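A.B. asks: Next comes the sequence, and after it the predicted model I'd like to discuss.
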Amino acid sequence: MDANKKPEALHGSTSLNLPAGSSSTAKALPSDLPSPASVSPAVARSASVEQVSSQGPLLKTESQVSVKELEVQDANNYEKSLSFKQTASAWLPSIVWSIVFAVTIIGQSYDLSLAANFFSFPQYRNLFGESHNGGAKEIPTHWQSIIQVTGQAGQVVAMYFAGKAADKYGYRKTIMVSLASTVVFLFVSFFAADAMLASQNHQVGLAIVALGQLLLGLPWGAFQACVGAYVSDISPTKIRPIMAGYISLCWIFGQLLSTGVITGLRSVEDLTWAYRIPVMFTWIWPPLLLISLFFAPESPAWLVRQKRDDDARAALRKLNRDDAFPVESHLKLIKSANEKARQASATPDDSVAPADGADGANQADEPTYGDCFKNTNWRRTRIVVMTSIAQQLCGSALMFHSAKMYQKAGMDVPLSFNLTLAQYGLGIVCILVSFWLMSRYRHRIMWLWGVLGAVVIMGLIGGLGFAPAELKAVPWVIASLLVFFTGVYNLSLGPLVYALTANIPSERLRNKTGVLGRISYLVSGQLNMWLVPKMLEDRPNGWSFGPRSTLLFAGLNAMFFVWSLFDLPEVKGRTAAEVDDLFMHNIKTRDFHRVSVA
């Protein structure tokens, strides 16, 4: 191969010839090529493909490869040899447990969507709202923001500590404790109406609602910190994007359930019970999940970091029912990935002892948040954080406020809720279709088309916001575009964020990187929490922007599109070991899908 030939000029894929299963990628490189831990990202990236290729083949002969490396390669070969159908059949238990764990997200989505739907629910407004100049009662915009922001604040705090707790106590125990706390904290929200009626002060009632959201935000944050990482840990390469994307489907299920309950209670005249009944539904799922999770296997990757190899073997056998499954080889693969991730987190001044060496034989390996910003991990963290922010600020908040959006566009209340139900139904169908798309097409391309579609749709809705009020067709056109945006979002941005968060970070830092991504999602969501109610509400409570509010999201999506072009790589179909090697050698973004890792 010509050492000076650029990767993009090659026909076919550029061969990096890295031993994907080696315990240290740097060790396999020639002596004159710097270790990834000691070279700056800029220098390494400039030499990425050309410098490695110029050294000749780096693949070892069988006599040079250790027994451990052969076992790791055996595990990689097993994953790649199975078809999608065979993978799903062999790993059926892992699919079932992923679905069970993700039910926590359905419950959280139900609660969060309920808070937003309540603001458009006449009984809730009459119970907790206030009237201006004898008009219809409304929830003051500052209380709408406070109620949503307190829930977000609880989630951010809990996510940080849940990320630490999950590394120390495991995903299973952390989620079980969070489920139990949900049952207790719900009492605060349930009795908010009683507090308001006893005090005859709607501000007292709204303050209790906000307190309930703050407390419930704590288990919600734990669910987000643990579920995605757990699902990614126990899922094989071929089905990991789909199982991670299933989490996005769970968010839609919760939103659909919430809207359905609110729609069904429109005729309830007792204001207190019209509020209590939707809250009571939340008590159904935590006890059932607690019983189920008692029998769930822990993440094998977490057990390996805790030096509990026997338990990790048992967990792997519970997750894969194929008699030919190479358990020992897969265990070695997990250890190899963990060791490479430890070395990627090391600085030139650090001395990194092998995790299974004498010094660390009995000491649990607990990564820190600081590791996410070291060396090539920083690039991986940046990608997860930016995609999470894009998911929040692309206009997805309008789906939580869609009933209000339709009403401000001129629709009556019953029709607005019915259309919202149809919108969520479409979202479910589109996410299911996205699973098929993710198995066939490159994820980077799907993401770019999704962001570009969001730019166009948000811009069109914003432009229609300037149309004269007497044009009766405008509300229907806006409604159609919002429904279309729901489809575009759930075909691309919605599920793809979870697939990328599952594949981009190293296995060792998947939990911590995912937490940083979700915290970024929630912190950037504060813009939505404060601005969206203000923009949608009429004066004097708000700014009465109505549909014109979407112009803000059109501009933000344009920025995300430019970033994605230059920084979002393609990792579809890559095993965790291959992704580690590509990042450790700082392969350029546009070359990720061209480079083949031997």
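C.D. replies: Sure, I can see it.

A.B. asks: which element is the most centrally placed residue in the chain on?
C.D. replies: When C-alpha atoms, centre = their mean is applied to the chain, the residue found nearest the centroid is Y498 (3.9 Å). For Y498, the element it lies in under DSSP states H and E is helix 493-503.

A.B. asks: got it, and A324?
C.D. replies: Of the helices and strands defined by DSSP H and E, none includes A324.

A.B. asks: can you tell me which residues contact the residue nearest to it when sequence neighbours are not counted?
C.D. replies: Among residues not flanking A324 along the chain, Y78 sits closest, at 7.8 Å (C-beta to C-beta, 6 or more residues apart in numbering). Yep, even glycine has a C-beta here, placed from its N, CA and C like the rest. With contact set as C-beta atoms under 8 Å, 6 or more residues apart in numbering, Y78 has these partners: A324, F325, P326, S329, H330.

A.B. asks: Name the SS class of Y78, please.
C.D. replies: Judged by DSSP: H, G, I helix; E, B strand; the rest coil, the three-state class of Y78 is helix.

A.B. asks: Same question for G410.
C.D. replies: Three-state assignment for G410 (three-state DSSP): coil.

A.B. asks: Quick one, grab the pLDDT at the residue nearest to it when sequence neighbours are not counted.
C.D. replies: The shortest distance from G410 to any non-neighbouring residue, by C-beta to C-beta, 6+ apart, is to P475 (4.0 Å). Note on P475: pLDDT of 77.

A.B. asks: Burial check on L500, number of neighbours?
C.D. replies: L500 has 27 neighbours, counted by other C-beta atoms under 10 Å.

A.B. asks: What pLDDT is listed against it?
C.D. replies: 89.

A.B. asks: List the residues that contact it.
C.D. replies: With contact set as C-beta under 8 Å, 6+ apart, L500 has these partners: I383, V384, T387, H443, W447, L568, V571.

A.B. asks: gap between the first one and L522?
C.D. replies: Distance of I383 to L522, computed by C-beta to C-beta, to the nearest Å: 18 Å.

A.B. asks: next one: L393
C.D. replies: Relative to L522, L393 is positioned 12 Å away (C-beta to C-beta).

A.B. asks: Of these two, which one has the most company?
C.D. replies: Higher neighbour count among L393 and L522: L522, with 24 against 21, using other C-beta under 10 Å.

A.B. asks: Next up, the contacts around that one.
C.D. replies: Q152, Q155, V156, M159, Q392.

A.B. asks: Next up, identify which helix or strand it is on.
C.D. replies: Assessed by DSSP H and E, L522 sits inside helix 510-536.

A.B. asks: Now do the next helix or strand after that helix against helix 493-503, angle only.
C.D. replies: Downstream of helix 510-536, the next assigned helix or strand under DSSP H and E is helix 550-567. Interaxial angle, helix 550-567 versus helix 493-503 (axes from the mean of the first three to the mean of the last three C-alpha atoms, to 10 degrees): 30 degrees.

A.B. asks: Kindly format the C-alpha coordinates of helix 550-567 as CSV.
C.D. replies: What follows is helix 550-567 as a C-alpha-only set of coordinates in CSV (Å, rounded to 0.1, in the frame of the first residue of the first chain):
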residue,chain,number,x,y,z
THR,A,550,-40.3,27.1,16.7
LEU,A,551,-37.9,29.5,14.9
LEU,A,552,-35.6,29.2,17.9
PHE,A,553,-35.4,25.5,17.4
ALA,A,554,-34.8,25.8,13.7
GLY,A,555,-31.7,27.9,14.4
LEU,A,556,-30.4,25.4,17.0
ASN,A,557,-30.9,22.5,14.7
ALA,A,558,-28.9,24.2,12.0
MET,A,559,-26.0,24.5,14.5
PHE,A,560,-26.3,20.8,15.5
PHE,A,561,-26.2,19.8,11.8
VAL,A,562,-22.9,21.6,11.3
TRP,A,563,-21.4,20.0,14.4
SER,A,564,-22.6,16.5,13.3
LEU,A,565,-20.9,16.8,10.0
PHE,A,566,-17.5,17.3,11.6
ASP,A,567,-17.6,15.4,14.8
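
A.B. asks: Count the neighbours of H585 for me.
C.D. replies: H585 has 25 nearby residues by other C-beta under 10 Å.

A.B. asks: what separates it from W273, distance-wise?
C.D. replies: Distance of H585 to W273, computed by C-beta to C-beta: 62 Å.

A.B. asks: now swap in S235 and tell me
C.D. replies: S235 sits 42 Å away from W273, going by C-beta to C-beta.

A.B. asks: got it, and P468?
C.D. replies: Between P468 and W273 the computed distance is 42 Å (C-beta to C-beta).

A.B. asks: returning to what we had before: confidence score at the residue nearest to A324?
C.D. replies: Reported pLDDT for Y78: 77.

A.B. asks: Would you check how far apart it and K238 are?
C.D. replies: 12 Å.

A.B. asks: between the helix ranked longest in the chain and helix 510-536, how big is the angle?
C.D. replies: Ordering each helix of the chain by length in residues (DSSP state H) puts helix 202-234 first. With the same axes, to 10 degrees as the criterion, the two stretches helix 202-234 and helix 510-536 enclose an angle of 150 degrees.
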